[in-house]
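Visitor: Here's my sequence, what's the structure:
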Amino acid sequence: MNVMKQFRDGLFFQNPVTVQLLGMCSVMAITTTLFNGLGMGLSVLVILTLSNIIIAALRKIIPNNIRIACFIVVIAGFVTIVDLCLQAFIPALSKSLGLFIPLIVVNCIILGRAESFAYKNGIGASALDGIFQGLGYTMVLVIMCVVREFLGNGTIMGGLLEIGAEGQLVFGLGTAAGIRILPEGIPALGMILPVGGFLTLACVIAAMQYILNKPKKGDKKTEEVAK
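Guide: Residues are numbered from 1 along each chain as shown. Predicted coordinates:
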């Protein structure tokens, strides 16, 4: 079990969004504030990790011809638990994310990792795969949230922090307006609309692909292929 390889794959080389191009609907829909992005990312991370562990533990007794149905049952159980916990403890996040939490049941990232990794590997490796793939997904969400919130609303840390009447930082889980950086009227409101999600995601994917495919200095074979 190569932990560092799994870590690099989850965040960069096999990132579920920028490389595998999975789960992009939620990425574009909810990344308008950092509060939404962190909430969705951590929810997927928890569900993905726990689902991988259970599927890896049961992989030898799950019949091959009904494995997809079994995966969905396991994932649906954890989605229900997370959804109810959010409704009970963080209702603002549950309301903000809406149907995107229940839709995690059919999220391609979780089903994809269950099929391609957890069903073929042990519990430890599957748990790490869930954690690192979840971190990679969360990383993309956070990047998109920061960019879209700043350019579209002129604030950062929306839903988490704001500046109070006396100039102090005020923490408000789901209620904070964010720290204003740009004056009102200057931001491009289109960035927090669906078109802004498409544009931002395209730029993030392009940047990641450029970084991953950039020829290394001294690598003659890579430079020849690039030419």
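Visitor: Could you list every helix and strand in contact with the biggest helix by length in the chain?
Guide: Longest helix in the chain, counting residues (DSSP state H): helix 123-153. The contact analysis (3 or more CB pairs under 8 Å, 6 or more residues apart in numbering; DSSP states H and E) places helix 123-153 against helix 3-8, helix 24-30, helix 34-58, helix 108-113, strand 155-156, helix 194-213. No exception for glycine: its C-beta is placed from N, CA and C like everyone else's.
Visitor: Where does the prediction get shaky in this protein?
Guide: By pLDDT under 70, the low-scoring segments of the chain are 1, 217-227.
Visitor: For stretch 165-182, which outside residues touch it?
Guide: Contacts to stretch 165-182, defined as CB atoms under 8 Å, 6 or more residues apart in numbering, come from residues 33-35, 90-93, 96, 149-150, 153-164.
Visitor: Just the buried ones from these?
Guide: In terms of neighbour count (16 or more other CB atoms under 10 Å), the buried residues within the contacts of stretch 165-182 are 33-35, 90, 93, 96, 149-150, 153-162.
Visitor: List the buried residues of stretch 107-124.
Guide: Neighbour-count burial for stretch 107-124 [16+ other CB under 10 Å]: Asn107, Ile109, Ile110, Leu111, Gly112, Arg113, Ala114, Phe117, Ala118, Tyr119, Asn121.
Visitor: my read: the fifth one touches Gln20, true?
Guide: Spelled out, it's Gly112. Yes - counting by CB atoms under 8 Å, Gly112 does reach Gln20; the two are 7.1 Å apart.
Visitor: Could you tell me which residues touch both of the two?
Guide: Joint contacts of Gly112 and Gln20 (CB under 8 Å, 6+ apart) do not exist.
Visitor: angle of the longest helix of the chain against helix 34-58?
Guide: 160 degrees (axes from the mean of the first three to the mean of the last three CA atoms, to 10 degrees).
Visitor: Centre of the chain to helix 123-153, how far?
Guide: Its chain's average C-alpha position is 4 Å from that of helix 123-153, according to CA atoms, centre = their mean, to the nearest Å.
Visitor: Would you mind getting the angle between it and helix 194-213?
Guide: Using the same axes, to 10 degrees: helix 123-153 against helix 194-213 is 130 degrees.
Visitor: in helix 123-153, what's buried?
Guide: 125-141, 143-153.
Visitor: How about stretch 66-74?
Guide: Neighbour counts over stretch 66-74 (16+ other CB under 10 Å) mark Arg67, Cys70, Phe71, Ile72, Val74 as buried.
Visitor: Serialize those residues to a markdown table and add fields for secondary structure.
Guide: As requested, the buried residues of stretch 66-74 are exported to a markdown table (DSSP: H, G, I helix; E, B strand; the rest coil):
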| residue | secondary structure |
| --- | --- |
| Arg67 | helix |
| Cys70 | helix |
| Phe71 | helix |
| Ile72 | helix |
| Val74 | helix |
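Visitor: Dump these into a markdown table; add distance to Val195 as well.
Guide: What follows is the buried residues of stretch 66-74, written out as a markdown table (distance: CB to CB, whole Å):
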| residue | distance to Val195 |
| --- | --- |
| Arg67 | 39 |
| Cys70 | 39 |
| Phe71 | 34 |
| Ile72 | 33 |
| Val74 | 36 |
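Visitor: Pro183 is nearest to which of the helices and strands packed on helix 123-153?
Guide: Relative to Pro183, the nearest member of the helices and strands packed on helix 123-153 by CB to CB is strand 155-156, separated by 11.0 Å.
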